[in-house]
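Enquirer: what's the 3D shape of this:
(one chain, ligands or ions: 2)
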Amino acid sequence: MARRIIHIDLDAFFVSVEQVLNPGLKGKPVVVGGKPDRRGVVASASYEARAFGLRAGMPLITARRLCPQAIFIEGSFTKYRQASQRFMAILADFSPYLEPVSLDEAYLDVTGFESLHGSIHQMALAIKQRIKDELGLPSSIGIASGKVVAKIAADLSKPDGLMEIAIGEERSSLAPLPIAKLPGIGKKTERVLNGLGINTIGQLANMPPSALKSHFGVYGELLHRHANGIDDRKIETPGAAKSISRETTFSEDTRDPSLLKATLGYLSERVGAELRCNNRQAGCITLKLRYADFTTITRRHTLTRATDAHQTITSTGLKLLARALLQEKQLVRLIGIGVSNLTEPGRQLDMLDTSDQRLEQLNKAIDRIRKKYGFTAIQTGRTLPLKDIFPESDDGYTLHTPSLSR
Ligand code: DCP
Ligand code: CA
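Expert: Numbers count the residues shown, from 1 in each chain. Ligands and ions are numbered 1, 2, ... in the order given. Presented below is the predicted three-dimensional model:
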(Lines give C-alpha, C1' and ligand atoms only; values in the text may rest on other atoms or scores of the structure.)
(Ligands and ions follow the chains in the order given, each with its own letter.)
Protein backbone atom coordinates (compact mmCIF):
# COMPACT_ATOMS: atom_id res chain seq x y z
CA MET A 1 0.00 0.00 0.00
CA ALA A 2 1.36 3.43 -0.92
CA ARG A 3 2.17 5.54 2.11
CA ARG A 4 0.85 9.04 2.78
CA ILE A 5 3.27 11.20 4.67
CA ILE A 6 2.55 14.74 5.79
CA HIS A 7 5.25 17.32 6.48
CA ILE A 8 4.21 20.36 8.51
CA ASP A 9 6.37 23.45 8.98
CA LEU A 10 5.29 26.65 10.70
CA ASP A 11 5.88 29.83 8.70
CA ALA A 12 8.42 32.36 10.01
CA PHE A 13 8.05 30.58 13.34
CA PHE A 14 9.80 32.90 15.84
CA VAL A 15 8.34 35.99 14.17
CA SER A 16 4.84 34.49 14.00
CA VAL A 17 4.89 33.74 17.74
CA GLU A 18 5.91 37.36 18.42
CA GLN A 19 3.08 38.56 16.18
CA VAL A 20 0.54 36.51 18.13
CA LEU A 21 1.73 38.10 21.38
CA ASN A 22 1.85 41.58 19.83
CA PRO A 23 -0.67 41.84 16.95
CA GLY A 24 0.68 45.30 16.10
CA LEU A 25 3.59 43.49 14.44
CA LYS A 26 1.35 41.70 11.93
CA GLY A 27 1.86 42.49 8.25
CA LYS A 28 5.14 44.32 8.95
CA PRO A 29 8.79 43.55 8.22
CA VAL A 30 9.89 41.92 11.48
CA VAL A 31 13.16 40.22 12.39
CA VAL A 32 13.87 38.03 15.42
CA GLY A 33 17.55 37.75 16.26
CA GLY A 34 18.48 40.82 18.21
CA LYS A 35 19.07 44.53 17.92
CA PRO A 36 20.94 45.45 14.73
CA ASP A 37 23.68 47.28 16.64
CA ARG A 38 24.75 43.93 18.09
CA ARG A 39 26.80 41.26 16.41
CA GLY A 40 24.51 38.43 15.48
CA VAL A 41 22.34 37.09 12.71
CA VAL A 42 18.71 36.94 11.65
CA ALA A 43 17.04 33.87 13.20
CA SER A 44 13.66 34.41 11.59
CA ALA A 45 12.31 37.05 9.21
CA SER A 46 8.67 37.79 8.39
CA TYR A 47 7.69 37.30 4.75
CA GLU A 48 7.28 41.11 4.50
CA ALA A 49 10.95 41.40 5.54
CA ARG A 50 11.96 38.68 3.09
CA ALA A 51 10.59 40.83 0.27
CA PHE A 52 13.59 43.10 0.99
CA GLY A 53 16.00 40.17 0.67
CA LEU A 54 16.28 39.42 4.40
CA ARG A 55 17.07 35.78 5.17
CA ALA A 56 17.83 33.60 8.20
CA GLY A 57 21.55 33.57 8.93
CA MET A 58 22.15 37.06 7.50
CA PRO A 59 24.11 39.46 9.76
CA LEU A 60 21.75 41.87 11.51
CA ILE A 61 23.78 44.82 10.24
CA THR A 62 23.16 43.74 6.64
CA ALA A 63 19.48 43.20 7.41
CA ARG A 64 19.13 46.77 8.68
CA ARG A 65 20.90 48.14 5.62
CA LEU A 66 18.54 46.27 3.26
CA CYS A 67 15.42 47.14 5.25
CA PRO A 68 15.92 50.10 7.63
CA GLN A 69 12.23 50.16 8.60
CA ALA A 70 12.32 46.55 9.85
CA ILE A 71 11.38 45.96 13.49
CA PHE A 72 14.12 44.03 15.30
CA ILE A 73 13.20 41.82 18.26
CA GLU A 74 15.47 40.02 20.70
CA GLY A 75 13.17 37.02 21.06
CA SER A 76 12.78 34.56 23.90
CA PHE A 77 13.27 30.85 23.60
CA THR A 78 10.81 29.96 26.39
CA LYS A 79 7.91 31.37 24.35
CA TYR A 80 8.94 29.40 21.28
CA ARG A 81 9.32 26.17 23.22
CA GLN A 82 5.84 26.56 24.69
CA ALA A 83 4.33 27.23 21.27
CA SER A 84 6.20 24.22 19.93
CA GLN A 85 4.82 21.90 22.60
CA ARG A 86 1.25 23.01 21.85
CA PHE A 87 1.91 22.58 18.12
CA MET A 88 3.15 19.01 18.59
CA ALA A 89 0.18 18.21 20.86
CA ILE A 90 -2.24 19.22 18.08
CA LEU A 91 -0.41 17.00 15.59
CA ALA A 92 -0.48 14.05 18.00
CA ASP A 93 -4.29 14.29 17.94
CA PHE A 94 -4.24 13.45 14.24
CA SER A 95 -1.84 10.50 14.17
CA PRO A 96 0.29 8.60 16.71
CA TYR A 97 3.01 8.27 14.06
CA LEU A 98 4.54 11.66 14.76
CA GLU A 99 8.20 12.56 14.24
CA PRO A 100 9.15 16.02 15.49
CA VAL A 101 12.14 17.28 13.51
CA SER A 102 12.68 20.66 15.12
CA LEU A 103 10.64 23.11 17.19
CA ASP A 104 8.38 24.00 14.29
CA GLU A 105 8.61 21.05 11.96
CA ALA A 106 7.28 17.46 12.01
CA TYR A 107 6.34 14.47 9.90
CA LEU A 108 3.13 12.50 10.34
CA ASP A 109 2.41 9.11 8.81
CA VAL A 110 -1.30 9.22 7.95
CA THR A 111 -1.48 6.17 5.69
CA GLY A 112 -5.03 4.80 5.72
CA PHE A 113 -6.46 7.79 7.63
CA GLU A 114 -8.41 9.27 4.70
CA SER A 115 -11.74 7.72 5.73
CA LEU A 116 -11.62 9.67 9.02
CA HIS A 117 -11.48 13.04 7.25
CA GLY A 118 -12.85 12.36 3.77
CA SER A 119 -9.37 12.63 2.24
CA ILE A 120 -5.79 13.31 3.32
CA HIS A 121 -6.15 16.74 1.72
CA GLN A 122 -9.14 17.46 4.00
CA MET A 123 -7.18 16.15 6.95
CA ALA A 124 -4.30 18.53 6.18
CA LEU A 125 -6.74 21.44 5.97
CA ALA A 126 -8.14 20.44 9.37
CA ILE A 127 -4.61 20.40 10.85
CA LYS A 128 -3.87 23.85 9.43
CA GLN A 129 -7.16 25.18 10.78
CA ARG A 130 -6.55 23.91 14.31
CA ILE A 131 -3.03 25.37 14.37
CA LYS A 132 -4.49 28.70 13.21
CA ASP A 133 -7.48 28.65 15.60
CA GLU A 134 -5.67 27.47 18.72
CA LEU A 135 -2.21 28.98 18.30
CA GLY A 136 -2.83 31.77 15.79
CA LEU A 137 0.10 30.48 13.72
CA PRO A 138 0.34 30.03 9.94
CA SER A 139 1.66 26.70 8.70
CA SER A 140 2.54 25.02 5.43
CA ILE A 141 1.90 21.37 4.66
CA GLY A 142 3.22 18.95 2.05
CA ILE A 143 1.65 15.56 1.36
CA ALA A 144 3.44 12.77 -0.53
CA SER A 145 4.38 9.11 -0.46
CA GLY A 146 7.64 9.74 1.41
CA LYS A 147 9.39 12.21 3.68
CA VAL A 148 11.66 13.98 1.25
CA VAL A 149 8.96 14.77 -1.33
CA ALA A 150 6.52 15.84 1.42
CA LYS A 151 9.14 18.23 2.82
CA ILE A 152 9.86 19.75 -0.58
CA ALA A 153 6.11 20.14 -1.23
CA ALA A 154 5.64 21.97 2.09
CA ASP A 155 8.56 24.22 1.25
CA LEU A 156 7.18 25.01 -2.24
CA SER A 157 3.75 25.84 -0.81
CA LYS A 158 5.04 28.44 1.69
CA PRO A 159 3.70 30.65 3.18
CA ASP A 160 0.34 29.39 4.52
CA GLY A 161 0.22 26.73 1.82
CA LEU A 162 -0.79 23.16 1.13
CA MET A 163 0.57 20.99 -1.66
CA GLU A 164 -0.13 17.35 -2.40
CA ILE A 165 2.01 15.30 -4.76
CA ALA A 166 -0.02 12.47 -6.29
CA ILE A 167 1.28 8.92 -6.20
CA GLY A 168 3.41 8.31 -9.28
CA GLU A 169 4.16 12.00 -9.79
CA GLU A 170 7.00 12.30 -7.26
CA ARG A 171 9.79 12.21 -9.82
CA SER A 172 8.21 14.52 -12.38
CA SER A 173 7.24 17.07 -9.71
CA LEU A 174 10.81 17.35 -8.48
CA ALA A 175 12.51 17.28 -11.88
CA PRO A 176 12.37 21.02 -12.78
CA LEU A 177 13.49 22.24 -9.32
CA PRO A 178 17.03 23.49 -8.64
CA ILE A 179 19.11 20.93 -6.73
CA ALA A 180 19.35 23.24 -3.70
CA LYS A 181 15.68 22.44 -3.02
CA LEU A 182 16.61 18.84 -2.19
CA PRO A 183 17.04 18.57 1.61
CA GLY A 184 20.60 17.68 2.53
CA ILE A 185 22.22 19.44 -0.41
CA GLY A 186 24.36 22.11 1.18
CA LYS A 187 26.42 24.80 -0.49
CA LYS A 188 29.37 22.45 -0.99
CA THR A 189 27.44 19.59 -2.63
CA GLU A 190 25.61 22.15 -4.75
CA ARG A 191 28.93 23.56 -6.01
CA VAL A 192 30.31 20.10 -6.83
CA LEU A 193 27.13 19.14 -8.71
CA ASN A 194 26.95 22.47 -10.57
CA GLY A 195 30.57 21.85 -11.58
CA LEU A 196 29.44 18.58 -13.13
CA GLY A 197 26.74 20.43 -15.09
CA ILE A 198 23.95 19.26 -12.79
CA ASN A 199 21.55 22.11 -11.94
CA THR A 200 18.11 20.56 -11.57
CA ILE A 201 16.84 17.65 -9.49
CA GLY A 202 15.79 16.03 -12.79
CA GLN A 203 19.38 16.08 -14.06
CA LEU A 204 20.52 14.67 -10.74
CA ALA A 205 17.92 11.88 -11.00
CA ASN A 206 19.27 10.95 -14.44
CA MET A 207 22.90 10.68 -13.30
CA PRO A 208 24.12 7.10 -13.15
CA PRO A 209 24.09 5.98 -9.49
CA SER A 210 27.67 4.76 -9.86
CA ALA A 211 28.84 8.28 -10.76
CA LEU A 212 27.08 9.74 -7.72
CA LYS A 213 28.55 7.04 -5.56
CA SER A 214 32.06 7.75 -6.74
CA HIS A 215 31.65 11.45 -5.88
CA PHE A 216 29.70 11.19 -2.61
CA GLY A 217 30.03 7.60 -1.36
CA VAL A 218 27.00 6.08 0.39
CA TYR A 219 25.41 9.53 0.50
CA GLY A 220 25.42 9.46 -3.32
CA GLU A 221 23.03 6.50 -3.35
CA LEU A 222 20.67 8.36 -1.04
CA LEU A 223 20.86 11.44 -3.29
CA HIS A 224 19.99 9.33 -6.30
CA ARG A 225 16.94 7.81 -4.60
CA HIS A 226 15.72 11.12 -3.25
CA ALA A 227 16.19 12.92 -6.58
CA ASN A 228 13.99 10.20 -8.10
CA GLY A 229 11.34 10.89 -5.47
CA ILE A 230 11.98 7.56 -3.75
CA ASP A 231 12.18 7.64 0.05
CA ASP A 232 11.08 4.73 2.21
CA ARG A 233 12.52 6.07 5.48
CA LYS A 234 10.08 5.41 8.29
CA ILE A 235 8.54 7.98 10.62
CA GLU A 236 10.62 7.72 13.78
CA THR A 237 8.62 8.42 16.89
CA PRO A 238 10.64 9.94 19.74
CA GLY A 239 12.06 7.73 22.43
CA ALA A 240 13.87 5.68 19.87
CA ALA A 241 17.33 7.19 20.42
CA LYS A 242 19.59 6.95 17.40
CA SER A 243 22.80 6.91 19.38
CA ILE A 244 24.09 6.91 22.95
CA SER A 245 27.38 8.45 24.00
CA ARG A 246 29.32 9.54 27.07
CA GLU A 247 32.33 11.80 27.14
CA THR A 248 34.40 13.75 29.59
CA THR A 249 37.07 16.44 29.63
CA PHE A 250 40.14 15.77 31.79
CA SER A 251 41.05 18.33 34.42
CA GLU A 252 44.51 18.37 32.83
CA ASP A 253 45.47 17.25 29.33
CA THR A 254 47.02 13.80 29.53
CA ARG A 255 48.73 10.92 27.72
CA ASP A 256 48.75 8.67 30.79
CA PRO A 257 47.71 5.28 29.34
CA SER A 258 46.17 3.92 32.51
CA LEU A 259 44.05 7.04 33.03
CA LEU A 260 42.95 7.07 29.39
CA LYS A 261 42.07 3.37 29.44
CA ALA A 262 40.31 3.53 32.80
CA THR A 263 38.22 6.52 31.75
CA LEU A 264 37.33 4.89 28.45
CA GLY A 265 36.39 1.71 30.32
CA TYR A 266 34.15 3.62 32.71
CA LEU A 267 32.41 5.59 29.93
CA SER A 268 31.90 2.33 28.00
CA GLU A 269 30.29 0.74 31.04
CA ARG A 270 27.89 3.68 31.27
CA VAL A 271 27.04 3.40 27.57
CA GLY A 272 26.53 -0.38 27.87
CA ALA A 273 24.29 0.03 30.91
CA GLU A 274 22.22 2.65 29.10
CA LEU A 275 21.88 0.39 26.05
CA ARG A 276 20.63 -2.52 28.16
CA CYS A 277 18.32 -0.22 30.10
CA ASN A 278 16.76 0.88 26.78
CA ASN A 279 16.66 -2.69 25.48
CA ARG A 280 18.88 -1.84 22.53
CA GLN A 281 21.95 -3.30 20.89
CA ALA A 282 24.52 -1.32 18.94
CA GLY A 283 26.08 -2.14 15.58
CA CYS A 284 28.65 0.65 15.52
CA ILE A 285 31.12 2.00 18.06
CA THR A 286 32.74 5.43 17.85
CA LEU A 287 35.69 6.79 19.81
CA LYS A 288 36.02 10.55 20.15
CA LEU A 289 39.20 12.36 21.14
CA ARG A 290 39.88 16.05 21.48
CA TYR A 291 43.54 17.00 21.63
CA ALA A 292 45.24 19.82 23.49
CA ASP A 293 44.93 22.12 20.46
CA PHE A 294 41.14 21.38 20.30
CA THR A 295 41.33 19.31 17.11
CA THR A 296 38.66 16.67 17.49
CA ILE A 297 38.70 13.29 15.82
CA THR A 298 36.28 10.37 15.73
CA ARG A 299 37.19 6.80 14.83
CA ARG A 300 34.48 4.26 14.21
CA HIS A 301 34.22 0.51 13.99
CA THR A 302 31.27 -1.49 12.68
CA LEU A 303 30.64 -4.77 14.48
CA THR A 304 29.76 -7.98 12.68
CA ARG A 305 27.10 -8.61 15.30
CA ALA A 306 25.21 -6.00 17.35
CA THR A 307 25.97 -5.92 21.06
CA ASP A 308 24.88 -4.44 24.38
CA ALA A 309 27.94 -5.74 26.25
CA HIS A 310 30.16 -2.98 27.68
CA GLN A 311 33.03 -5.48 27.46
CA THR A 312 32.79 -5.35 23.66
CA ILE A 313 32.37 -1.56 23.67
CA THR A 314 35.45 -1.21 25.89
CA SER A 315 37.67 -3.59 23.93
CA THR A 316 36.68 -1.99 20.62
CA GLY A 317 37.21 1.48 22.08
CA LEU A 318 40.66 0.49 23.37
CA LYS A 319 41.74 -0.75 19.93
CA LEU A 320 40.54 2.48 18.31
CA LEU A 321 42.34 4.45 21.03
CA ALA A 322 45.65 2.62 20.56
CA ARG A 323 45.53 3.29 16.83
CA ALA A 324 44.59 6.97 17.26
CA LEU A 325 47.38 7.59 19.77
CA LEU A 326 49.92 6.17 17.35
CA GLN A 327 48.84 8.68 14.72
CA GLU A 328 48.81 11.74 16.98
CA LYS A 329 51.34 12.57 19.66
CA GLN A 330 49.53 15.47 21.34
CA LEU A 331 48.07 15.37 24.86
CA VAL A 332 44.41 14.38 25.12
CA ARG A 333 41.90 16.91 26.43
CA LEU A 334 38.64 14.99 26.08
CA ILE A 335 37.69 11.37 25.56
CA GLY A 336 34.30 9.95 24.61
CA ILE A 337 32.72 6.75 23.41
CA GLY A 338 29.45 6.36 21.56
CA VAL A 339 27.32 3.68 19.96
CA SER A 340 24.93 3.89 17.01
CA ASN A 341 23.03 1.70 14.51
CA LEU A 342 20.77 0.74 17.41
CA THR A 343 18.44 -2.22 17.05
CA GLU A 344 16.24 -4.28 19.32
CA PRO A 345 18.05 -7.36 20.61
CA GLY A 346 17.54 -10.41 18.38
CA ARG A 347 15.39 -13.08 19.89
CA GLN A 348 17.53 -15.95 18.59
CA LEU A 349 19.48 -16.66 21.74
CA ASP A 350 20.05 -20.27 20.73
CA MET A 351 21.99 -19.08 17.72
CA LEU A 352 24.51 -17.20 19.82
CA ASP A 353 27.45 -19.09 21.15
CA THR A 354 27.71 -19.87 24.83
CA SER A 355 30.30 -17.19 25.59
CA ASP A 356 27.81 -14.54 24.42
CA GLN A 357 25.13 -16.09 26.59
CA ARG A 358 27.43 -16.09 29.59
CA LEU A 359 28.28 -12.45 28.99
CA GLU A 360 24.61 -11.61 28.83
CA GLN A 361 23.94 -13.38 32.14
CA LEU A 362 26.88 -11.62 33.74
CA ASN A 363 25.74 -8.19 32.59
CA LYS A 364 22.20 -8.80 33.78
CA ALA A 365 23.63 -9.63 37.21
CA ILE A 366 25.83 -6.49 37.17
CA ASP A 367 22.85 -4.31 36.23
CA ARG A 368 20.79 -5.84 39.07
CA ILE A 369 23.47 -5.26 41.70
CA ARG A 370 24.12 -1.70 40.51
CA LYS A 371 20.44 -0.90 40.57
CA LYS A 372 20.37 -1.95 44.20
CA TYR A 373 23.72 -0.71 45.53
CA GLY A 374 24.79 2.03 43.10
CA PHE A 375 26.94 2.12 40.00
CA THR A 376 30.33 1.91 41.72
CA ALA A 377 29.27 -1.11 43.82
CA ILE A 378 30.92 -3.14 41.08
CA GLN A 379 34.45 -2.23 40.07
CA THR A 380 36.22 -3.79 37.17
CA GLY A 381 40.00 -4.06 37.15
CA ARG A 382 40.14 -1.48 34.44
CA THR A 383 38.09 1.27 36.08
CA LEU A 384 39.58 0.71 39.54
CA PRO A 385 42.31 3.37 39.07
CA LEU A 386 39.52 5.95 38.76
CA LYS A 387 38.73 5.46 42.44
CA ASP A 388 41.76 7.58 43.31
CA ILE A 389 40.98 10.27 40.78
CA PHE A 390 37.27 11.03 40.77
CA PRO A 391 34.98 11.55 43.75
CA GLU A 392 32.41 8.80 44.00
CA SER A 393 28.66 9.09 44.30
CA ASP A 394 25.91 6.49 44.38
CA ASP A 395 25.28 7.23 40.77
CA GLY A 396 28.86 6.64 39.61
CA TYR A 397 32.01 8.68 39.52
CA THR A 398 31.57 12.41 39.41
CA LEU A 399 33.51 13.32 36.31
CA HIS A 400 34.70 16.84 35.64
CA THR A 401 31.95 17.59 33.14
CA PRO A 402 29.10 15.68 34.72
CA SER A 403 26.44 16.99 32.36
CA LEU A 404 28.26 15.36 29.49
CA SER A 405 29.17 12.25 31.37
CA ARG A 406 25.84 10.83 32.40
N1 DCP B 1 16.15 29.27 13.50
C2 DCP B 1 17.29 29.79 14.11
N3 DCP B 1 18.48 29.82 13.44
C4 DCP B 1 18.56 29.36 12.18
C5 DCP B 1 17.43 28.83 11.53
C6 DCP B 1 16.23 28.80 12.23
O7 DCP B 1 17.22 30.21 15.27
N8 DCP B 1 19.73 29.42 11.52
C9 DCP B 1 14.89 29.28 14.22
C10 DCP B 1 14.11 30.50 13.85
C11 DCP B 1 12.98 29.99 13.01
C12 DCP B 1 12.82 28.56 13.46
O13 DCP B 1 14.10 28.14 13.93
O14 DCP B 1 11.82 30.76 13.19
C15 DCP B 1 12.36 27.65 12.37
O16 DCP B 1 13.28 27.65 11.30
P17 DCP B 1 12.83 27.61 9.79
O18 DCP B 1 14.02 27.31 8.98
O19 DCP B 1 11.64 26.73 9.64
O20 DCP B 1 12.45 29.12 9.47
P21 DCP B 1 11.14 29.96 9.73
O22 DCP B 1 10.10 29.15 10.43
O23 DCP B 1 11.53 31.22 10.39
O24 DCP B 1 10.67 30.33 8.27
P25 DCP B 1 9.97 29.43 7.15
O26 DCP B 1 8.65 30.07 6.91
O27 DCP B 1 10.86 29.52 5.97
O28 DCP B 1 9.83 28.03 7.67
CA1 CA C 1 9.44 27.11 9.70
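Enquirer: in the stretch 51-200 of the chain, what residue is nearest ligand 2?
Expert: When distances are taken as C-beta to the ion, the stretch 51-200 of the chain reaches nearest to ligand 2 at Asp104, 4.6 Å away. In this view, the C-beta of every residue, glycine as well, is placed from N, C-alpha and C.
Enquirer: My guess is that residue contacts Ala12. True?
Expert: No. Assessed by C-beta atoms under 8 Å, Asp104 is found out of contact with Ala12, at 9.4 Å.
Enquirer: what's near enough to touch the residue of the stretch 51-200 of the chain closest to ligand 2?
Expert: When contacts are counted by C-beta atoms under 8 Å, 6 or more residues apart in numbering, Asp104 is found next to 9-10, 13, 80, 84, 87.
Enquirer: buried stuff in stretch 158-178?
Expert: Of the residues in stretch 158-178, 158, 161-165, 170-171, 173-175, 177 count as buried by neighbour count, 16 or more other C-beta atoms under 10 Å.
Enquirer: Poorly predicted segments of this structure, please.
Expert: 239-240, 346-353, 380-385, 387-406 (pLDDT under 70).
Enquirer: tell me the SS of the most centrally placed residue in the chain?
Expert: Residue closest to the mean C-alpha point of the chain, counted by C-alpha atoms, centre = their mean, is Val101 at 7.5 Å. Three-state assignment for Val101 (DSSP: H, G, I helix; E, B strand; the rest coil): strand.
Enquirer: who are the neighbours in contact with it?
Expert: Counting by C-beta under 8 Å, 6+ apart, Val101 touches Tyr107.
Enquirer: Could you number the chain from 339 rather than 1 from now on?
Expert: Yes, from this point I'll number from 339; that puts the last item at Val439.
Enquirer: now it: how far from Leu363?
Expert: 26 Å (C-beta to C-beta, to the nearest Å).
Enquirer: of the contacts of Asp442, list those near ligand 1.
Expert: Counting by C-beta under 6 Å from any ligand atom, 347-348, 351 from the contacts of Asp442 sit close to ligand 1.
Enquirer: near ligand 2, which of those residues show up?
Expert: With the criterion set as C-beta under 5 Å from the ion, the members of those near ligand 2 are 347-348, 351.
Enquirer: Give me the subset of those lying in helices.
Expert: Within those, residues falling in helices by DSSP state H are Phe351.
Enquirer: May I ask which of the ones next to ligand 2 among the ones next to ligand 1 among the contacts of Asp442 has the most neighbours?
Expert: Leu348 (25 neighbours; other C-beta atoms under 10 Å).
Enquirer: Beta-bridge partners for it, please?
Expert: Ser477 (DSSP bridges).
Enquirer: what residues are up against it?
Expert: Neighbours of Leu348 in contact, by C-beta under 8 Å, 6+ apart: 354, 425, 442-443, 469, 475-478.
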